[in-house]
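K.L.:
What would the 3D arrangement of this be:
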Amino acid sequence: MEAERRVGVAVDFSASSKNALKWAVENVIRKGDHLILVTVRPEVNYEEGETQLWEVTGSPFIPLSEFSDPIIMKKYGVKPDQETLDIVSTAARQKEVEVLMKIFWGDPREKLCEAIDKLPLSCIIVGNRGLGKLKRAIMGSVSNYVVNNGSCPVTVVKHHV
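P.N.:
Modelled structure (predicted):
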């Protein structure tokens, strides 16, 4: 019997992350997998007590039934869009996978690499915004950082305009 696979997808609800999510569902996810959406938010707002506790460890795992509820997600500062919810709901139903979300706060490059080790993930799929060389040099590429520093297989899904 194969070990349980935890397939991570970096999600920020942009077009490139939705493209990566669709690609992961079509090409990587199979029956029995855990599909874990990893979201990284900017630094935590210290006025909110629960999120202060989660700054180091990230949020608890959030099941699909809860991250589909805007009232529950408001406390995390995350608003999943309908297209993302449709993709993961369909995957959960058709491919018989468990879908979870994990939210981290901080620098996306560092937190995605941290998620690989802490969750732990079997692999991670990330989108690519298609920045030009100059913007990538100035801003840094999250996908490039994760490819070079992540401790599991990393797939970068190019964003086609």
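
K.L.:
next structured bit after the lowest-mean-pLDDT helix or strand in the chain?
P.N.:
Lowest by mean pLDDT, DSSP states H and E among the helices and strands of the chain is helix 133-139, with a mean of 54. Per DSSP states H and E, the first helix or strand lying C-terminal to helix 133-139 is helix 142-149.

K.L.:
Not counting that next one itself, show me its contacts.
P.N.:
The contact list for helix 142-149 (C-beta atoms under 8 Å, 6 or more residues apart in numbering) reads 10, 108-109, 112-113, 116, 124, 126-128, 136, 154, 156. Where you see a C-beta, it was placed from the backbone N, CA and C, and this is true even at glycine.

K.L.:
What's opposite residue 105 in the beta bridge?
P.N.:
Beta-bridge pairing for residue 105 (DSSP bridges): residue 41.

K.L.:
dump the residue contacts of it.
P.N.:
40-44, 51, 54-55, 58, 111.

K.L.:
And residue 11, by the same measure?
P.N.:
With C-beta under 8 Å, 6+ apart, residue 11 has these contacts: 17-18, 20-21, 37-39, 84, 101.

K.L.:
the strands in the chain, which residues?
P.N.:
6-10, 34-41, 62-63, 98-105, 123-128, 154-158 (DSSP state E).

K.L.:
For the fifth one, buried residues please.
P.N.:
Judged by neighbour count using 16 or more other C-beta atoms under 10 Å, the buried positions of strand 123-128 are 123-128.

K.L.:
Run the angle between that strand and strand 154-158 for me.
P.N.:
30 degrees (axes from the mean of the first three to the mean of the last three C-alpha atoms, to 10 degrees).

K.L.:
follow-up on the earlier one: what would the buried residues of strand 123-128 look like in a markdown table with pLDDT and distance to residue 142?
P.N.:
Shown next, in a markdown table, are the buried residues of strand 123-128 (pLDDT from 0 to 100; distance: C-beta to C-beta, whole Å):
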| residue | pLDDT | distance to residue 142 |
| --- | --- | --- |
| 123 | 98 | 16 |
| 124 | 98 | 11 |
| 125 | 97 | 13 |
| 126 | 95 | 7 |
| 127 | 91 | 9 |
| 128 | 86 | 9 |
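
K.L.:
Adding distance to residue 96 as columns, could you present the residues you listed in CSV?
P.N.:
Listed next are these as CSV, based on distance: C-beta to C-beta, whole Å:
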residue, distance to residue 96
123, 19
124, 21
125, 19
126, 25
127, 25
128, 29
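
K.L.:
Great, nothing more from me.
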